[in-house]
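Novice: 3D, please:
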Amino acid sequence: MSFTNPPVVEVVAGVTFDGLTAETSALLGSFWKEELRSAFPSLQLQPPYTIPDEPQPANVHALSIMLPVGLPAPRLWALSGDGQELLQLQPGWFACNWRKVQPEGEYDRWMSRRSAFRAYFAKLTDYLSREGSGEPKVRQCEVTYINHIMPSPSWSSHADFSEVFSLQLMTAKPYRPEQVTLQTQFGLEHEGEFYGRLHVKVLPAFGLDGHSPIYVLELTARGAPIGDGVDGALTFLDRGRAAIDRAFVMLTTEKMHAEWGLQND
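Specialist: Coordinates of the predicted model:
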């Protein structure tokens, strides 16, 4: 399944890994300077990303607390010249992003995102090994799609939730919701085996003009790698992305599918 005109505004493919401490985070700055600077000329400091741990089903309600040791290391954003490509570098976290920064920007599809993740994570792995930090051991993967669903002939206000999203509860009479916020999670299984979770958020929002209603639909698949190294990470990312695709189609209406140009590939 694919869409000719999907509402995607950002895609993130990332991994949590062991093997690099906050004390050695200066290596990431050197990695940018020596290996990435030509393709990603801009470097920004961002607050650290708090990495959530995805528990196994039996511990879904367990509370996991990680006490910081010393000051947390900042996150580095390495940006391409046009700002559409972004690499996130932090001790224990690496991510490869595509972002729609211009109205005419077009999502370059999953295989391109997959290839970029593979190439740049392999560069990071090789660099850390050469510098004596050892090969990072991936322990969790995540893929996120963020969609901005804009007003169209099918809907014009947040009260039109049921025109965009396929949830029967929202069409119950005699009440008609004015706006809806949705947050839920689903267990992911492959051949009967749990391998992660899909987190879904639907948020009503407004466009840059402050008046035009939009719906933000965010889907994140997160779980352990399925195998070792970058190939194990990519196996999870592929499955997670497929789960996101299926959920996106199931959560939205056929009317919107027609507007976005759904194709059964």
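
Novice: drop to CA atoms for contacts and neighbour counts, all remaining ones
Specialist: Fine.

Novice: where exactly do the helices run in the chain?
Specialist: 26-31, 110-130, 161-164, 229-251, 254-260 (DSSP state H).

Novice: Report the rounded mean pLDDT for stretch 129-144.
Specialist: Computed over stretch 129-144, the mean pLDDT rounds to 91.

Novice: that older thread, so can I have CSV of the helices of the chain showing distance to R222 and mean neighbour count?
Specialist: Compiled in CSV, the helices of the chain are given as follows (distance: least, Cα to Cα, whole Å; neighbours: other Cα atoms under 10 Å):
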stretch, distance to R222, mean neighbour count
helix 26-31, 24, 16
helix 110-130, 16, 16
helix 161-164, 25, 20
helix 229-251, 7, 18
helix 254-260, 26, 15
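
Novice: Of all the ones you listed, which one comes closest to W155?
Specialist: Judged by Cα to Cα, the one of those that comes nearest to W155 is helix 161-164, at 6.3 Å.

Novice: nearest to K201, of the helices of the chain?
Specialist: Each of the helices of the chain has some distance to K201 by Cα to Cα; the shortest is helix 229-251, at 11.0 Å.

Novice: Restricting to C-alpha, output the closest one in CSV.
Specialist: Output of helix 229-251 as CSV, limited to C-alpha atoms (Å, rounded to 0.1, in the frame of the first residue of the first chain):
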residue,chain,number,x,y,z
GLY,A,229,24.1,-5.2,14.2
VAL,A,230,22.6,-2.8,11.7
ASP,A,231,20.8,-5.7,9.9
GLY,A,232,18.9,-6.6,13.1
ALA,A,233,17.9,-2.9,13.5
LEU,A,234,16.7,-2.7,9.9
THR,A,235,14.6,-5.9,10.3
PHE,A,236,12.7,-4.2,13.1
LEU,A,237,12.5,-0.9,11.3
ASP,A,238,11.0,-2.6,8.3
ARG,A,239,8.4,-4.4,10.3
GLY,A,240,7.6,-1.3,12.4
ARG,A,241,7.1,0.7,9.2
ALA,A,242,4.8,-1.9,7.8
ALA,A,243,2.8,-1.9,11.0
ILE,A,244,2.6,1.9,10.8
ASP,A,245,1.3,1.7,7.2
ARG,A,246,-1.4,-0.8,8.1
ALA,A,247,-2.5,1.3,11.1
PHE,A,248,-2.6,4.5,9.1
VAL,A,249,-4.9,2.9,6.6
MET,A,250,-7.2,1.4,9.3
LEU,A,251,-7.4,4.6,11.3
